[in-house]
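Undergrad: Any chance you could fold what I've pasted below:
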Amino acid sequence: MEERFTDDELAFLRHARFGELPNRVRPEERVELEEIEAPRTWIDVGPSREQQQTLNAWAG
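TA: You can find the predicted model right below:
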């Protein structure tokens with residue numbers, strides 16, 4: 001026959017098996033924010049040598 005437990009008994013068994021839960025972490029504590037300067041944009045230097053060779057091969 002299957003043994004049935006009350007909610008309080010199950011809570012006690014969970015506590016005995018797993019112990020105390022750690023305190024809940026608040027959202028503002030989950031990540032550390034650091035102010036930085038905006039990233040500089042890269043200068044577009046055009047196609048690479050490999051891309052130029054591919055384009056030239058297709059063109060002619």
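
Undergrad: contacts and neighbour counts: CA atoms only from here.
TA: OK.

Undergrad: tell me the strands in this structure, going along the chain?
TA: In the chain, no segments count as strands under DSSP state E.

Undergrad: Ranking helices and strands of it by mean pLDDT, which lands last?
TA: The weakest-scoring helix or strand in the chain, judged by mean pLDDT, DSSP states H and E, is helix 27-30 (a mean of 84).

Undergrad: In PDB, could you pull the C-alpha coordinates for it?
TA: Extracted in PDB, the C-alpha atoms of helix 27-30 (Å, rounded to 0.1, in the frame of the first residue of the first chain):
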ATOM      1  CA  PRO A  27      17.300  41.500 -10.500                       C
ATOM      2  CA  GLU A  28      19.700  44.400  -9.900                       C
ATOM      3  CA  GLU A  29      22.100  42.000  -8.200                       C
ATOM      4  CA  ARG A  30      22.200  39.500 -11.100                       C
END
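
Undergrad: Just give me how far that helix sits from the chain centre.
TA: 14 Å (CA atoms, centre = their mean, to the nearest Å).

Undergrad: ok, now stretch 50-60?
TA: With CA atoms, centre = their mean, you get 40 Å for stretch 50-60.

Undergrad: Next: stretch 7-25.
TA: 28 Å.

Undergrad: Distance check, the residue nearest in space to the middle of the chain against residue 39.
TA: Nearest to the geometric centre of the chain sits residue 31, at 10.5 Å (CA atoms, centre = their mean). In this view, residue 31 and residue 39 are 21 Å apart by CA to CA, to the nearest Å.

Undergrad: Quote the end-to-end distance of stretch 37-47.
TA: 29 Å.

Undergrad: So which residues of the chain form helices?
TA: For the chain, the helices defined by DSSP state H cover 7-18, 27-30, 49-59.
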